[in-house]
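Student: Just need the structure, nothing else, for what follows:
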Amino acid sequence: RRGGSVSQRFSQRVYAEETTNQSPTEAVEEGDDKAAGEMYAQIFGSNLQMAVWVSTLSLAGFTAYKEFQAGNSEAVGMLVAPPAAALVLIVVFLTYWTISTNAKKERRAAKKAQREAQGPL
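Tutor: You can find the predicted model right below:
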């Protein structure tokens, strides 16, 4: 039980009701702001980070290719290593995703076949 007199509790409840009541337009504006904030977070969060990584690794690979063409093979190793490692990681993640997606599909198909074999309950 909360402390305080009855009048204090009543005034707290009235204040809480007054502050939580919003007009429909305020609720829509708040929803739009939240959606816009989520969109900006997506753009400037993971999407921007991915773009920076792709740009950096692409530039390193391109520079390594140009150095290799110019005959400067000493600088090529350090420039090729990050894009090559990124390519290996991408292939590994895509392979994992493919295997896990196929396994999920097989499990779903097995469950569906099991439900159909049981018949209606």
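
Student: drop to CA atoms for contacts and neighbour counts, all remaining ones
Tutor: Will do.

Student: Okay, helices next: where are they in this protein?
Tutor: 6-20, 24-42, 48-70, 76-118 (DSSP state H).

Student: Mean neighbour count added to these, as a markdown table?
Tutor: Output for the helices of the chain, formatted as a markdown table (neighbours: other CA atoms under 10 Å):
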| stretch | mean neighbour count |
| --- | --- |
| helix 6-20 | 10 |
| helix 24-42 | 12 |
| helix 48-70 | 15 |
| helix 76-118 | 13 |
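
Student: So which residue is dead centre in the chain?
Tutor: Most central in the chain under CA atoms, centre = their mean is Ser46, positioned 6.6 Å from the mean C-alpha point.

Student: what residue ranges in this protein are flagged as low confidence?
Tutor: Low-confidence segments of the chain (pLDDT under 70): 1-31, 121.

Student: Distance of Leu48 relative to Lys111?
Tutor: 40 Å (CA to CA, to the nearest Å).

Student: now do Asp32
Tutor: Distance of Asp32 to Lys111, computed by CA to CA: 40 Å.

Student: What of Leu89?
Tutor: Leu89 sits at a distance of 33 Å from Lys111 (criterion: CA to CA).

Student: ok, now Ala86?
Tutor: 37 Å.

Student: For Ala60, see how far away Glu116 is.
Tutor: Note on Glu116: its distance to Ala60, by CA to CA, is 55 Å.

Student: sorry, that was for Ile90
Tutor: Distance, Ile90 to Ala60, using CA to CA: 17 Å.

Student: do the same with Gly119
Tutor: 60 Å.

Student: looking at it, Glu67 is touching Leu79, isn't it?
Tutor: No: under the criterion of CA atoms under 8 Å, Glu67 is not in contact with Leu79, lying 9.1 Å apart.
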